[in-house]
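Q: coords please:
(2 chains)
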Amino acid sequence: MRLLRPLRLLLPFVAIGVALVVFLTLGFLAFAPTTTQQGPTMSACDAGIGAVGRATDGQPAGATIETLSDEQKQNASVIIGVGREMNTPPRAWLVALATAMQESTLRNINYGDRDSLGLFQQRPSQGWGSPAQVTDPVYSSRTFYERLLQVPGWEHQPVTVAAQTVQRSAFPNAYAKWETLAAALVGQVGGVADPAGCGPGAATLPEGVARAAIEFALGEVGKPYVWGATGPNTYDCSGLMLRAFEAAGVQLPRVSRDQYKAGGHLPVRESQPGDLMFYAYDRTDPRTIHHVFLYLGNDQMVEAPYSGQNVRVQPVNWEHDELVPLATRPGTPANSA
Amino acid sequence: MPIRSPRGRAAAYRALWSWPLRSPLRLGLTVVVVVAVALVVSVVLGGLRPAAEQAARPGTSTVPTSGVRAPSSLAPTALPPVAPLTPTTLPLSSAPPAAVQVAQNWAAAWANHPDGTTNQTWIAGLTPFTTPEYVGTLVGVDPANIPATRVTGPARPTEVSPRSIAVEVPTDAVTLAITVVDTEAGWRVAGYDQA
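A: All right, here's what the predicted structure looks like:
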């Protein structure tokens, strides 16, 4: 003990050191996270953004953020402003912008089909408000958001489905082709980094995504196949993929031939667990895709096969004459040569 | 001038800092120890930093931070380019009449929505000409919002492949762009939009 006695001389220095460490740690914890969370962010990766727009056969969206007029940009910023005021997540702005782009190309027009008017082509005869109200960009945006927020689970629906649920339009897929432009506006005008929510481009899925999707799909094995069903008790082929990737934080389009375009492609033989594989009536023609399933690795896959069958795990038939030669890795950037 | 006493706090500190100055050997030993401590501290801090940076990197919340993965700056930002699938295109004149007829019938059923038509009645008219998967998409349509009331001309193929064709059908309000696919149940509409 005598030998250790001189050590108590160090006590003042130790005290000062400990105080410094505590102070610096607290400061770091308090300020470090704020530097990485600038502005609102997206809660999930929308793998469908841009995908379906390119798919709408012979209907390239054409417009980019650079080609928009000042009037269109002004209206976009009103729509985002109202959404922000109402404390809606950026996902709602995305749906609203895609809708307005389809309905009025973001111009506050005083004409339309029958009595449709304004940015969202709302119809006074269908309870959307007086003609003066539906041609007021702020009022019409607010009504749109109010009705969108009433749609159960709208945040997890593909943009075009959420938009269609509000609009009940005669062209249910039409909003999809504006998703890319809407995302660009949410990014530039709304100040949201990474509006698609898929992170910086990568050739592989973030670790954990494939596993979560596979775990979800395997958990549904044995549930019956029903056309048009998206769970939770019955599924069709694309409905199972939709929910599996939703559980992994990735939003897919609704139908299999749109899911094909929801990410980068790779030769089907090089598939990794978590990649989507497809059957098509003509394997070289993506328009004829009619079935999708999830690759598990080791030549196994999980699928909701067809009416009368249950969700099941099967070996991949690499020789199947309908097996599309390219697989899709959802949420990765498009890589067409 | 205070007398340097060998007792007390000041003397104890003096003993500490003057210890290395008593002989060259002690000085050398002290230098070695100080350098070693500095090295250990910097290595430990350096080991902590990449983990902290990974945790702080903005991105999807689903990205787990594992020290095993290579930094993403070195990873490729996309899959290697692949040639898109391109179906054989056939001359427009070779469009199967059955496929064109399905588009025509489908468009007629689409435009047929007398006042008061419910979504179910309207879909029932389209179902025989639509793929089951696509019927689900039609559930959201309010027939009252369909701008057209009748087809005004013959269906015109715009793209023909062995098992799919794109067809345009004019109506009294808009021209429809319809995709028809050759399924095991025959030619069926798998998608449409305004042309």
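
Q: Show me where chain B has its strands.
A: B:156-160, B:164-170, B:175-183, B:186-194 (DSSP state E).

Q: Check the burial of residue A:222 by counting its neighbours.
A: 8 (other C-beta atoms under 10 Å in any protein chain shown). Every C-beta, even on glycine, is put in place using the N, C-alpha and C of the backbone.

Q: Once you drop chain neighbours, what's closest to it?
A: residue A:310 (5.2 Å; C-beta to C-beta, 6 or more residues apart in numbering or on different chains).

Q: so what's residue B:151 up against?
A: Counting by C-beta atoms under 8 Å, 6 or more residues apart in numbering or on different chains, residue B:151 makes contact with B:104, B:107-108, B:111, B:169-171.

Q: Tell me the pLDDT of it.
A: pLDDT recorded at residue B:151 is 95.

Q: Give me the distance between it and residue B:101.
A: Counting by C-beta to C-beta, to the nearest Å, the gap from residue B:151 to residue B:101 is 12 Å.

Q: Lowest-scoring secondary structure element of chain A by mean pLDDT?
A: Scoring the helices and strands of chain A by mean pLDDT, DSSP states H and E places helix A:51-55 at the bottom, with a mean of 45.

Q: List the contacts of residue A:128.
A: A:122, A:134, A:140, A:143.

Q: swap in residue A:294?
A: Residue A:294 sits next to A:213-214, A:217, A:240-241, A:244, A:274-277, A:301-303 when contact means C-beta under 8 Å, 6+ apart.

Q: Tell me how many other residues surround residue A:312.
A: Neighbour tally, residue A:312, other C-beta under 10 Å: 15.

Q: Quick check: it touching residue A:303?
A: Yes - here residue A:312 reaches residue A:303: they are 6.7 Å apart, a contact under C-beta atoms under 8 Å.

Q: what comes up buried for the longest strand that chain A contains?
A: Identified as the longest strand of chain A according to DSSP E is strand A:289-297. By 16 or more other C-beta atoms under 10 Å in any protein chain shown, the buried positions in strand A:289-297 come out as A:289-296.

Q: Check those and tell me the two furthest apart.
A: By the measure C-beta to C-beta, A:290 and A:296 form the most distant pair in the buried residues of strand A:289-297, at 21.1 Å.

Q: Just the buried ones from the contacts of residue A:128?
A: Judged by 16+ other C-beta under 10 Å, buried ones among those: A:122, A:134, A:140, A:143.

Q: I'd like these as TSV, with distance to residue A:98, pLDDT and secondary structure appended.
A: What follows is the buried ones among the contacts of residue A:128, written out as TSV (distance: C-beta to C-beta, whole Å; pLDDT from 0 to 100; DSSP: H, G, I helix; E, B strand; the rest coil):
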residue	distance to residue A:98	pLDDT	secondary structure
A:122	16	91	strand
A:134	19	87	helix
A:140	15	91	helix
A:143	17	91	helix
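
Q: Chain B: which of those residues is nearest?
A: Chain B has its nearest neighbour among these in residue A:122, at 11.1 Å by C-beta to the nearest C-beta.

Q: check contacts around the closest one.
A: A:116, A:128-129, A:134, A:140, A:143-144.

Q: same thing but 10 Å
A: Residues near residue A:122 by C-beta atoms under 10 Å, 6 or more residues apart in numbering or on different chains: A:103, A:112, A:115-116, A:128-129, A:131, A:133-135, A:139-140, A:143-144, A:147, A:166-167.

Q: Just the ones in helices from those residues, please.
A: A:103, A:131, A:133-134, A:139-140, A:143-144, A:147, A:166-167 (DSSP state H).

Q: Make a PyMOL selection of the buried ones in the residues you listed.
A: Here is the PyMOL command that picks out the buried ones among these, judged by 16+ other C-beta under 10 Å:
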select buried, chain A and resi 103+133+134+139+140+143+144+147+166+167
